[in-house]
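Engineer: have a look; sequence and predicted model below, questions after that.
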Number of protein chains: 4
Amino acid sequence: ALPMAVIAGPCQLESRAHALETAAALKEIAARVGFGLVYKTSFDKANRTSGKAERGLGLEKSLPIFAEIRESLGIPVLTDVHNDYQCAPVAEAVDILQIPAFLCRQTDLLLAAAATGKAVNVKKGQFLAPWDMANVVAKLVGAGNPQVLVTDRGTSFGYNTLVSDFRGLPIMAKTGAPVIFDATHSVQQPGGLGGSSGGQREFVPVLARAAVAVGVAGVFIETHQDPDNAPSDGPNMVPLSQFETLMRNLVAIDALSKAQAAAAAAA
Amino acid sequence: ALPMAVIAGPCQLESRAHALETAAALKEIAARVGFGLVYKTSFDKANRTSGKAERGLGLEKSLPIFAEIRESLGIPVLTDVHNDYQCAPVAEAVDILQIPAFLCRQTDLLLAAAATGKAVNVKKGQFLAPWDMANVVAKLVGAGNPQVLVTDRGTSFGYNTLVSDFRGLPIMAKTGAPVIFDATHSVQQPGGLGGSSGGQREFVPVLARAAVAVGVAGVFIETHQDPDNAPSDGPNMVPLSQFETLMRNLVAIDALSKAQAAAAAAA
Amino acid sequence: ALPMAVIAGPCQLESRAHALETAAALKEIAARVGFGLVYKTSFDKANRTSGKAERGLGLEKSLPIFAEIRESLGIPVLTDVHNDYQCAPVAEAVDILQIPAFLCRQTDLLLAAAATGKAVNVKKGQFLAPWDMANVVAKLVGAGNPQVLVTDRGTSFGYNTLVSDFRGLPIMAKTGAPVIFDATHSVQQPGGLGGSSGGQREFVPVLARAAVAVGVAGVFIETHQDPDNAPSDGPNMVPLSQFETLMRNLVAIDALSKAQAAAAAAA
Amino acid sequence: ALPMAVIAGPCQLESRAHALETAAALKEIAARVGFGLVYKTSFDKANRTSGKAERGLGLEKSLPIFAEIRESLGIPVLTDVHNDYQCAPVAEAVDILQIPAFLCRQTDLLLAAAATGKAVNVKKGQFLAPWDMANVVAKLVGAGNPQVLVTDRGTSFGYNTLVSDFRGLPIMAKTGAPVIFDATHSVQQPGGLGGSSGGQREFVPVLARAAVAVGVAGVFIETHQDPDNAPSDGPNMVPLSQFETLMRNLVAIDALSKAQAAAAAAA
């Protein structure tokens, strides 16, 4: 198996300057630590808990910034789409289209994403069993796009809480799609603050370590230079200042884990 | 409180003839038993488990049939929308727009539905706590549309299973919106048959009785003359031949329950 | 089916005077409303959240009080046992031995309870599916004691929360044992207050109404003249002053529900 | 932190010969791989799903065998107790008393175990949040016995299924007690086979790797030379022939994980 990739960035595209700065900082960390980086950011937070929460820059203003990050820094970019008609224009500016967890069963959105020919990363719905992702992958592959990734971001566990079931990682890997573990949203407490979602940032390294030891194609971790003042997902983003150490640890666990898997396969 | 309303019909709009026949049969039952009927049917099953499953007649062919049911039978019609751009055209042909559970947090869809001025019935996401529906209702009311209904259709409970938490009914009623209990989808076993969802039809009366005794504005129950050969939700639809008796029982429990509530309020 | 029975009383046996007073008050309510009463109280709270919480009067002091209630008031008494060696002495003073939910799979305790020849009421473990109670009933019946009752008191749902799945009532009824719904412990929030369990008293009538409409042999509801100052389960006990109205409502729903079931069986 | 310990052995004490053979085999593996071994086996399976299932050798016949294993092989022995009166005699023959998960809140059992002065390993109930174990630990420590270990063996997740929440490991570590991860019972499917519990042996290494990467004081893994014919827990025991490789992998992950934790503490 290949060394793990890292999908990282701030939850929300806040401004051109902020995006370019964060992307440049992550690129330097990736070079120092040695991992493949995909820059993630959202142009629209389309399903905020409250209708009054900040949604982001919007599609039109964001696409040129995505393009600029790719060109000036040479980093692949991932963003999420929420509607079938967004897929084609967004696909021109990014490398990977992401399907949000709530929307992972919306057939039209999946087909529109597949039709772009770009890679599609589907997050497993919080309401879905890991084995049910085989049907989701089949919708995309059946539409002629085999470049599919699947991501675990937690499963509903009572109210306002998610749980990460690590049996799901090898189960989803049976689809043939690379499996990503999203440590940021797995520690979200959906709606947990009444008018917004809470989170438990302190468990991001805990769950990320577990996932990498089990074996994943990559991790998804949102980061921000000042999470407590970020417009969304602040409670579960990792401070940028702690990102490099976390990545060093995960890369070392990943190397050990994949060496053990290779030895098992050879035996 | 008003006597309970009944939202009923086959899961999927199969053909003009089938829709008119079923609607006429339900209208007769409603008249005999004495309840307010809303006819429910879907023009598109937009989130089937498998990409190969039957999706329905589609928007264009369905709208004239919706209009015909309303005009020829004088029954209000409810159908679900999956995308912001569907709201305006669908609103011209129906009385109530329904937001599917997976989509209950998609702000653009809620705003587009609110903007039609028609009543909007939002199903609580399987991943949402009942108190979180206050934020959903606020999105619609805040957009100027106070005609909001909320529906419980079960909450994720482990894998491929839903559970109905009846504490949620009075909790959701605090939003001020009429609360509907969807007994059909509450007994669904999502993805439970591998390539499609299973269901436990035998528990529809069980859960519907419980909900009506607790106190609801209405029940939502799908019915079909031959559920085992229906194109979707067959395992959890009630046979049309059993519908009248079920309704008689529920109407009697509703009358008793609301008389008790009125006595308590007067005390 | 017979009219529903009511198992009621304070959580904990606080003193002889308190027990006799509460039992007498409940006996009067039962006579006025017209239901069969079983007096419930515990001589030992053997599994408190905290080791420092009040455990109760203890076995030795309680048995004569149980006997006195039976003799002076003519009410059957139920209490819970926690250890095999308690079963024989307790059985001499009460009519029904109750197996706590955490202990519902302890074979020795079940066998010792069965051996007394008294009726045994087993609470379904919070960790058990309703169909798994068939194995529990078989342990008792297989030991020669067919007088078995089963009680639902909620199922684990995330952390510090229970949910009542009313599909479980007809499922457990298939064992042949009368099914009781425990509305008091179903609204418990286990460990929810840190050092003790919380509760949501306001949902006791909600869940009790639902259970009776579905159809049960009886309800189990703890009550206290001053729940907020009770030594245990205060947050989920119903004030004695509200008990009679609640019972009147439940008895009316029960009569309607069983008349409907009889009509269905005759059809 | 110390290198991880391993609690291992067959679920059930089948015979003196079988116990001595398995213990000797595990001792050799421990010496080759380099880990501290505790031999685990049960003298009584006191809460089998079915009353007809094999319960084991029993207390009287088992104690001399426990003593023989300790003396002849020099390995510490752990076994589980189910009743307060078992604690004292069992404590004479073993090094660690284990409290089963269902019984983790039974105050008398905890106090009797604490009173022996031996180390006590308490399994977290499937119905308990990880933070609730602080109350359990306090019961034991408050009784004068600070030698407490806590073990995670999964949490109820819907019906007949457990889930391992790895956030629980650092949460339970805050009690000060060493935290063990029981990979064998975490993959149990309680009651999943109708008359007995199922299991998913293939996920033992998955969950064990995750736990060790997060950081634990030890792992608990049952093993058997022929699990498919073992009298209990066969579906979730690891074949003895695969045990050494699994341990080598876990020990390597443990070393890396603890080196990273030490570096973080030093920074």
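Structural biologist: In hand now; what should we look at?
Engineer: how about the strands in the stretch 151-267 of chain A?
Structural biologist: Assigned by DSSP state E, counting those that start in this stretch, the stretch 151-267 of chain A shows strands spanning A:155-156, A:162-163, A:179-182, A:188-189, A:198-199, A:218-224, A:238-239.
Engineer: so which residues on chain A come close to chain B?
Structural biologist: Applying CB under 8 Å from any CB of the partner chain, we find that chain A lies next to chain B at A:46-52, A:55, A:82-85, A:102-103, A:105-108, A:110-111, A:125-129, A:131-132, A:135, A:138-139, A:142-143, A:155-156, A:159-160, A:190-191, A:195. C-betas here are computed from N, CA, C, even on glycine.
Engineer: report the buried members of those residues.
Structural biologist: Buried residues within the residues of chain A next to chain B, defined by neighbour count using 16 or more other CB atoms under 10 Å in any protein chain shown: A:46-51, A:55, A:82-85, A:102-103, A:105-108, A:110-111, A:125-129, A:131-132, A:135, A:138-139, A:143, A:155-156, A:159-160, A:190-191.
Engineer: please name whichever of the strands of the stretch 151-267 of chain A is nearest to chain D.
Structural biologist: Closest to chain D of those, according to CB to the nearest CB: strand A:162-163, at 5.1 Å.
Engineer: chain neighbours aside, what residue packs nearest to A:M4?
Structural biologist: Excluding the flanking residues, the one nearest A:M4 by CB to CB, 6 or more residues apart in numbering or on different chains is A:D254, at 4.4 Å.
Engineer: what's near enough to touch that neighbour?
Structural biologist: Counting by CB atoms under 8 Å, 6 or more residues apart in numbering or on different chains, A:D254 makes contact with A:P3, A:M4, A:V212.
Engineer: now do the same contact list for the last one.
Structural biologist: Contacts were defined as CB under 8 Å, 6+ apart; by that measure A:V212 touches A:M4, A:F181, A:V219, A:L250, A:I253, A:D254, A:S257, D:A213.
Engineer: now for the first one, how many residues are close by?
Structural biologist: Residue neighbour count, defined by other CB atoms under 10 Å in any protein chain shown, stands at 25 for A:M4.
Engineer: that one and chain C, how far apart?
Structural biologist: With distances taken as CB to the nearest CB, to the nearest Å, A:M4 is found 30 Å from chain C.
Engineer: which other helices and strands does the helix-or-strand element of chain A with minimal mean pLDDT contact?
Structural biologist: Among the helices and strands of chain A, strand A:198-199 carries the lowest confidence by mean pLDDT, DSSP states H and E, at a mean of 86. In terms of contacts (3 or more CB pairs under 8 Å, 6 or more residues apart in numbering or on different chains; DSSP states H and E), strand A:198-199 is packed against strand A:188-189.
Engineer: other SSEs contacting the strand it packs on?
Structural biologist: If contacts are counted by 3+ CB pairs under 8 Å, 6+ apart, strand A:188-189 sits against strand A:198-199.
Engineer: neighbouring strands - and their directions - for the strand it packs on?
Structural biologist: Applying DSSP bridges, strand A:198-199 is found paired with strand A:188-189 (antiparallel).
Engineer: helices of chain A, residue ranges please.
Structural biologist: Taking DSSP state H as the criterion, chain A carries its helices at A:16-33, A:59-73, A:84-93, A:107-115, A:133-142, A:168-173, A:204-214, A:243-266.
Engineer: deepest-packed of these, please.
Structural biologist: helix A:204-214 (a mean of 27; mean count of other CB atoms under 10 Å in any protein chain shown).
Engineer: on that earlier part again, of the contacts of A:D254, closest to chain B?
Structural biologist: Closest to chain B out of the contacts of A:D254 is A:V212 (23.9 Å), distances taken as CB to the nearest CB.
Engineer: what's the pLDDT at the closest one?
Structural biologist: The confidence metric pLDDT takes the value 98 at A:V212.
Engineer: same question, A:E54
Structural biologist: pLDDT, A:E54: 85.
Engineer: with A:V77 instead?
Structural biologist: We have a pLDDT of 98 for A:V77.
Engineer: who's in contact with the residue nearest to A:Q200 when sequence neighbours are not counted?
Structural biologist: Nearest in space to A:Q200, with sequence neighbours left out and distances taken as CB to CB, 6+ apart, is A:V187 at 4.5 Å. With CB under 8 Å, 6+ apart as the criterion, the residues that contact A:V187 are A:G154, A:L162, A:G199, A:Q200, A:R201, A:F203, A:V204, A:L207, A:N236, D:R167.
Engineer: show me which of the residues you listed has the smallest pLDDT value.
Structural biologist: For the contacts of A:V187, the weakest pLDDT value sits at A:G199, with 87.
Engineer: closest one of the contacts of A:D254 to chain D?
Structural biologist: For the contacts of A:D254, the nearest to chain D is A:V212 (7.0 Å; CB to the nearest CB).
Engineer: tell me how far the closest one lies from chain C.
Structural biologist: Distance from A:V212 to chain C, by CB to the nearest CB: 26 Å.
Engineer: mean pLDDT lowest for which of the strands of the stretch 151-267 of chain A?
Structural biologist: The minimum mean pLDDT among the strands of the stretch 151-267 of chain A belongs to strand A:198-199 (a mean of 86).
Engineer: point me to the residue of chain A nearest chain C.
Structural biologist: Nearest residue of chain A to chain C (CB to the nearest CB) works out as A:G158 at 1.4 Å.
Engineer: which non-adjacent residue is nearest that residue?
Structural biologist: Nearest non-adjacent residue to A:G158, counting by CB to CB, 6+ apart: C:G158, 1.4 Å away.
Engineer: ok, now which ones touch the one you found?
Structural biologist: The contact partners of C:G158, by CB under 8 Å, 6+ apart, come to A:F157, A:G158, A:Y159, A:T161.
Engineer: show me the two of these that sit farthest apart.
Structural biologist: With CB to CB as the measure, no two of these lie farther apart than A:F157 and A:Y159, at 8.8 Å.
Engineer: and the residue lying closest to A:G234 once chain neighbours are set aside, what pLDDT?
Structural biologist: Leaving aside its sequence neighbours, A:G234 sits nearest to A:P227 (CB to CB, 6+ apart; 4.6 Å). Note on A:P227: pLDDT of 93.
Engineer: go ahead and confirm A:P227 touches A:Q242.
Structural biologist: No. Assessed by CB atoms under 8 Å, A:P227 is found out of contact with A:Q242, at 10.1 Å.
Engineer: between these two, which is the more surrounded one?
Structural biologist: Each of A:P227 and A:Q242 has its neighbours counted (other CB under 10 Å); A:P227 has more, 20 against 13.
Engineer: for A:N145, what are its contacts?
Structural biologist: By CB under 8 Å, 6+ apart, the contact set of A:N145 is A:A113, A:A114, A:A115, A:T116, A:G117, A:V120.
Engineer: could you redo the last one with a cut-off of 7 Å?
Structural biologist: Neighbouring residues of A:N145 by CB atoms under 7 Å, 6 or more residues apart in numbering or on different chains: A:A114, A:G117, A:V120.
Engineer: who does the residue positioned nearest the centre of chain A form a beta bridge with?
Structural biologist: Residue closest to the mean C-alpha point of chain A, counted by CA atoms, centre = their mean, is A:F220 at 4.3 Å. Beta bridges link A:F220 to A:I7, A:D182, judged by DSSP bridges.
Engineer: same check, this time on A:V38
Structural biologist: Judged by DSSP bridges, the bridge partners of A:V38 are A:I7.
Engineer: isn't it right next to A:G9, touching?
Structural biologist: No. Using CB atoms under 7 Å, A:V38 is not in contact with A:G9; the gap is 8.4 Å.
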